[in-house]
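> sequence plus the predicted model coming up.
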Amino acid sequence: MTLFHRSRRHDSDAHRKLYARFELAYTVVDFTAALLFVVGSVMFFSEAWQTTGTWLFLIGSLCFAAKPTLRLLREVRLYRMGDAQDLAERFED
């Protein structure tokens with residue numbers, strides 16, 4: 001079983017639920033990052049708001065950095081779910 005293999009998301013109901021939760025989190029993080037960058041960009045038009053805009057860029061960047069972290073966590077959990085099933089099958093034989 002390899003990481004980042006899309007077919008595993010349909011292995012069981014638990015796999016589908018886990019995949020759906022992580023996709024929702026990924027979408028929320030993606031949307032939040034984009035929103036922070038848009039608002040930060042608008043703030044740069046005013047010198048008084050540039051510091052706040054810079055902070056929004058930083059927070060948005062951290063959100064973008066969270067995206068691959070979420071994907072990796074999801075894949076590790078899916079991998080472990082598959083490994084547990086393989087181990088159980090080995091003990092049945």
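Happy to help now that I have it. Every value quoted in this text rests on a predicted model; they were computed, and no experiment measured them. Numbering: from 1, shown residues only.

> how many neighbours does residue 33 have?
Look at residue 33: counted by other Cβ atoms under 10 Å, it has 19 neighbours. In this view, the C-beta of every residue, glycine as well, is placed from N, C-alpha and C.

> tell me who's in contact with residue 54.
Contact analysis of residue 54 by Cβ atoms under 8 Å, 6 or more residues apart in numbering lists residue 40.

> and it, its phi and psi?
Main-chain dihedrals, residue 54, degrees, to the nearest 10: phi -60, psi -40.

> residue ranges in the chain under the pLDDT threshold?
The model of the chain has pLDDT under 70 over residues 1-11, 83-93.

> quick check, central residue of it?
Nearest residue to the geometric centre of the chain (Cα atoms, centre = their mean): residue 70, 3.1 Å.

> test my guess that that residue contacts residue 25.
Yes. Between residue 70 and residue 25 there is a contact under Cβ atoms under 8 Å: 5.7 Å.

> how many residues are close by the nearest residue to the residue nearest to the centre of the chain once chain neighbours are set aside?
Distances taken as Cβ to Cβ, 6 or more residues apart in numbering put residue 26 closest to residue 70, at 5.2 Å, once the chain neighbours are dropped. Neighbours of residue 26 under the rule other Cβ under 10 Å: 16.

> relative to residue 59, how far out is residue 43?
To residue 59, residue 43 is 12 Å away according to Cβ to Cβ, to the nearest Å.

> quick one: which of these two has more around it?
It is residue 43, of residue 43 and residue 59, that has more neighbours when counted by other Cβ under 10 Å, with 19 against 14.

> ok, that one touching residue 49?
Yes. Residue 43 lies in contact with residue 49 (Cβ under 8 Å); the separation is 3.8 Å.

> and the residue nearest to residue 70, what element?
Secondary structure assignment for residue 26, by DSSP states H and E: helix 13-43.

> between the helix or strand encompassing residue 50 and helix 13-43, how big is the angle?
Assigned by DSSP H and E, residue 50 belongs to helix 50-92. Using axes from the mean of the first three to the mean of the last three Cα atoms, to 10 degrees, the inter-axis angle of helix 50-92 relative to helix 13-43 is 170 degrees.

> if anything else comes up later, I'll come back, but that's it for now.
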